[in-house]
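Novice: dropping a prediction and its sequence here:
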Amino acid sequence: MSISTVINSGYMETARLDIHELVRRLNTHLGPTLVAALSGSKDTKQPIRWAKQCGPTPGPAFENRLRLAHRLWGYLADAESDHVARAWFIGGNPWLGEDTPITAIREDRHKEVTAAVTAFLQDVYDA
């Protein structure tokens, strides 16, 4: 499967997913503390509330970061494993100047972090 096929299908799945379910899945994979960190929430319990079906809905900036994180998680977990995906999110990344993808997502460096995951999946390093 080509990288563009993976990206297109991941985008469509994430776009259609209810935000509460999306946050629940991110909480399961990364934990609410990391989800709070990547979303920019200062409250580490907020992702737990967002994950509840009748809970509050994240604001637009938070939702944008959460949807990006979910999409990236899907690319990595499908191509590699949940373990590799988690390590990718929390580890220093050479494509991001050794920042973590969590930091890059929180800082709205979306093009940069998307390019980093694409390079990782294509096994290309061109710094």
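Specialist: Great, that's in hand. Numbers count the residues shown, from 1 in each chain.
Novice: looking at the protein, which helix or strand is least sure?
Specialist: Lowest by mean pLDDT, DSSP states H and E among the helices and strands of the chain is helix 3-16, with a mean of 63.
Novice: following that one, which helix or strand comes up?
Specialist: Where DSSP states H and E defines the elements, the next helix or strand beyond helix 3-16 is helix 19-30.
Novice: now do the buried residues in that following helix.
Specialist: By neighbour count on 16 or more other Cβ atoms under 10 Å, the buried set for helix 19-30 is 19-20, 22-27, 29-30. Backbone N, C-alpha and C define where each C-beta goes, glycine included.
Novice: do the same with stretch 41-52
Specialist: 41, 46-51.
Novice: do the same with stretch 76-91
Specialist: Judged by neighbour count (16+ other Cβ under 10 Å), stretch 76-91 contains these buried residues: 76-77, 79, 85-86, 88-90.
Novice: please apply the same query to stretch 117-127.
Specialist: 117-121.
Novice: make a markdown table from the buried residues of stretch 41-52 and add pLDDT and distance to Leu96 to it.
Specialist: Below are the buried residues of stretch 41-52 laid out as a markdown table (pLDDT from 0 to 100; distance: Cβ to Cβ, whole Å):
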| residue | pLDDT | distance to Leu96 |
| --- | --- | --- |
| Ser41 | 97 | 21 |
| Gln46 | 98 | 24 |
| Pro47 | 98 | 22 |
| Ile48 | 98 | 28 |
| Arg49 | 98 | 29 |
| Trp50 | 98 | 25 |
| Ala51 | 98 | 27 |
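Novice: pretty sure His70 contacts Leu22?
Specialist: Yes: contact criterion Cβ atoms under 8 Å: His70 and Leu22 qualify, at 5.1 Å.
Novice: what is in contact with those two at once?
Specialist: Common contact partners of His70 and Leu22 (Cβ atoms under 8 Å, 6 or more residues apart in numbering): Thr14.
Novice: okay, which residue is most central for this structure?
Specialist: Of all residues in the chain, the one closest to the mean position by Cα atoms, centre = their mean is Ala69, 1.4 Å from it.
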